[in-house]
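Engineer: Just the structure for this:
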Amino acid sequence: MGQPQPKIKKDSIFTPSEIEQMEKLFQKAEDQYLNQNFCQKLTKKFNLDSGRAGKTALQWKQVQSWFQCKQQAGMAKVNSSPIVSKETVFLPDASLSNSAPESSSDISKGAKVPDLSELEFEAKSSKDGAWYDVASFLTHRVLSSGELEVRVRYIGFGAEEDEWVNIKKAIRERSLPLEPSECGKVEVGDLVLCYMERKDHASYFDAHVLEIKRRLHDIRGCRCLFLVRYDHDHVEERVNLRRICRRPSY
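Structural biologist: Residues are numbered from 1 along each chain as shown. Modelled structure (predicted):
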């Protein structure tokens, strides 16, 4: 989806703050982040941080794996077929069945496939209804109904978590994290992506902002509180800015 990205799938082994730090290191450290010594030092730092209190200690290989997946996601932008966009995708006549070969040939030459190599996406999992960052689009197919599906791989997870998702209902441009100075961009009524953390589950879900308590910022950054209602279960919760991602359309 603290609004660092990627938004980790299923049990969220990393905290939002940890992901935010790794995102910054990924931009600056080049290939150093794959070094064992580098990952061990970073893992030790995370495990000693107060934000990990009460959580399972991390292993350095988990940290290294995160960076590897992030690196692969960047490469996937070049290698994968760009098939998702805010633009309308014109599908061919509904003539292919679900059992059709899962390849780029499933889309007819008449389909409009814009160049989206510079965009990043998130997908809504059918398993829990949460949104997760897409590492790559593996293949795509047109169903007998005429609807287009893509098979996605999530950042930070392997092939066992790959899913087929509906392009119109469950793929969209990635939500954006907010800097403390950007809290004014969030307004009452906005659709946001909010990090919901429970004892047995932690993921990013759609939510709407019901109320905002603006507070003066201090050395720690934004101290405003946002009352949100999650769309999937209607639970209301007050959260800080670090747990909110805004939609790119705002």
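Engineer: What segments of the protein are helices?
Structural biologist: Applying DSSP state H to the chain gives helices spanning 16-28, 36-48, 60-79, 167-170.
Engineer: So residue 194 sits against residue 230, correct?
Structural biologist: Yes. The criterion here is CB atoms under 8 Å, and residue 194 meets it with residue 230 at 6.8 Å. Where you see a C-beta, it was placed from the backbone N, CA and C, and this is true even at glycine.
Engineer: between those two, who's got more neighbours?
Structural biologist: The neighbour count for residue 194 versus residue 230, taken as other CB atoms under 10 Å, is higher for residue 194 (25 against 16).
Engineer: how much space between the more buried one and residue 56?
Structural biologist: Computed as CB to CB, to the nearest Å, the residue 194 to residue 56 distance reads 23 Å.
Engineer: With residue 161 instead?
Structural biologist: Going from residue 161 to residue 56 by CB to CB gives 19 Å.
Engineer: cool, residue 17 as well?
Structural biologist: 16 Å.
Engineer: OK, contacts around residue 170?
Structural biologist: 123-124, 126 (CB atoms under 8 Å, 6 or more residues apart in numbering).
Engineer: Give me the pLDDT for it.
Structural biologist: On pLDDT, residue 170 comes in at 95.
Engineer: do the same with residue 55
Structural biologist: Predicted confidence (pLDDT) for residue 55: 74.
Engineer: doesn't residue 18 make contact with it?
Structural biologist: No. Look at residue 55 against residue 18 with CB under 8 Å: they stay out of range, at 10.0 Å.
Engineer: Give me the more crowded residue out of the two.
Structural biologist: Neighbour totals were compared for residue 55 and residue 18, and residue 18 leads with 24 against 16 (other CB under 10 Å).
Engineer: Apart from its chain neighbours, what residue comes closest to that one?
Structural biologist: Of all residues not flanking residue 18 in the chain, residue 46 sits nearest, at 5.3 Å (CB to CB, 6 or more residues apart in numbering).
Engineer: was I right about the one you found contacting residue 60?
Structural biologist: No. Taking contacts as CB under 8 Å, residue 46 lies outside contact range of residue 60: 9.8 Å.
Engineer: Could you check which of the two is surrounded by more residues?
Structural biologist: residue 46 (22 against 18).
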